[in-house]
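Trainee: Give me a model of this one.
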Amino acid sequence: MSVLMEFAMFPTDKGESVSEFVSRIIKKIDELNLPYKLTPMGTIVEFDTIEEALNLINIAYKQLEPDCRRIYSAIKFDIRKGEKGRIEKKVKSIEEKLHKEVKHV
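Mentor: Numbering: from 1, shown residues only. Sure thing, here's the model as predicted:
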């Protein structure tokens with residue numbers, strides 16, 4: 001099974017720039033040795049189970065909770081049986097189709 005989770009989590013009570021707080025979460029993802037892709041609007045992480053994904057949400061929250069009074073989070077899941085390595089495969093599939101279209105033009 002492959003569980004792709006895209007999430008954003010940050011404090012809303014720490015001003016306009018919150019990269020200091022987001023970097024705490026990314027550091028933890030690195031320490032856990034999880035495959036991920038950081039984007040300007042969130043982070044995509046791949047797991048084997050939904051339980052692992054939900055556990056990361058808890059871990060991420062704990063990185064901010066000690067000194068943040070209000071935390072925002074948005075979470076999306078794409079759960080598929082069988083496939084793994086989809087962070088890269090999904091993008092590669094689109095890029096291959098785009099390159100085919102360019103060659104036919």
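
Trainee: What pLDDT is listed against Pro35?
Mentor: Pro35 is assigned a predicted lDDT (pLDDT) of 94.

Trainee: Can you give me the buried ones in the one helix or strand Gln63 maps to?
Mentor: Following DSSP states H and E, the helix or strand that holds Gln63 is helix 50-64. Residues of helix 50-64 classed as buried: 53, 56, 60, 63-64 (neighbour count, 16 or more other Cβ atoms under 10 Å). Every residue, glycine included, has its C-beta placed from N, CA and C.

Trainee: same question for that helix, mean pLDDT?
Mentor: pLDDT averaged over helix 50-64 gives 98.

Trainee: residues of the helix or strand that that helix is followed by that come out buried?
Mentor: Heading C-terminal from helix 50-64, the first helix or strand you meet, by DSSP H and E, is strand 71-80. Buried residues in strand 71-80, counted by 16+ other Cβ under 10 Å: Ile71.

Trainee: could you check the angle strand 71-80 makes with the helix or strand just after strand 71-80?
Mentor: Moving toward the C-terminus from strand 71-80, the next helix or strand (DSSP H and E) is helix 86-104. With axes from the mean of the first three to the mean of the last three Cα atoms, to 10 degrees defining the directions, helix 86-104 sits at 70 degrees from strand 71-80.

Trainee: Using PDB, list the CA coordinates for helix 86-104.
Mentor: Provided in PDB are the C-alpha atoms of helix 86-104 (Å, rounded to 0.1, in the frame of the first residue of the first chain):
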ATOM      1  CA  ARG A  86       4.600   7.300  -6.100                       C
ATOM      2  CA  ILE A  87       6.000  10.700  -5.100                       C
ATOM      3  CA  GLU A  88       8.400  10.400  -8.100                       C
ATOM      4  CA  LYS A  89       6.300   8.100 -10.300                       C
ATOM      5  CA  LYS A  90       3.300  10.300 -10.500                       C
ATOM      6  CA  VAL A  91       5.300  13.300 -11.600                       C
ATOM      7  CA  LYS A  92       7.400  11.200 -14.000                       C
ATOM      8  CA  SER A  93       4.300   9.800 -15.600                       C
ATOM      9  CA  ILE A  94       3.000  13.300 -16.400                       C
ATOM     10  CA  GLU A  95       6.400  14.500 -17.700                       C
ATOM     11  CA  GLU A  96       6.600  11.500 -20.000                       C
ATOM     12  CA  LYS A  97       3.200  12.300 -21.500                       C
ATOM     13  CA  LEU A  98       4.100  15.900 -21.900                       C
ATOM     14  CA  HIS A  99       7.300  15.000 -23.800                       C
ATOM     15  CA  LYS A 100       5.400  12.700 -26.100                       C
ATOM     16  CA  GLU A 101       2.900  15.500 -26.900                       C
ATOM     17  CA  VAL A 102       5.800  17.900 -27.700                       C
ATOM     18  CA  LYS A 103       7.400  15.400 -30.100                       C
ATOM     19  CA  HIS A 104       4.200  14.900 -32.000                       C
END
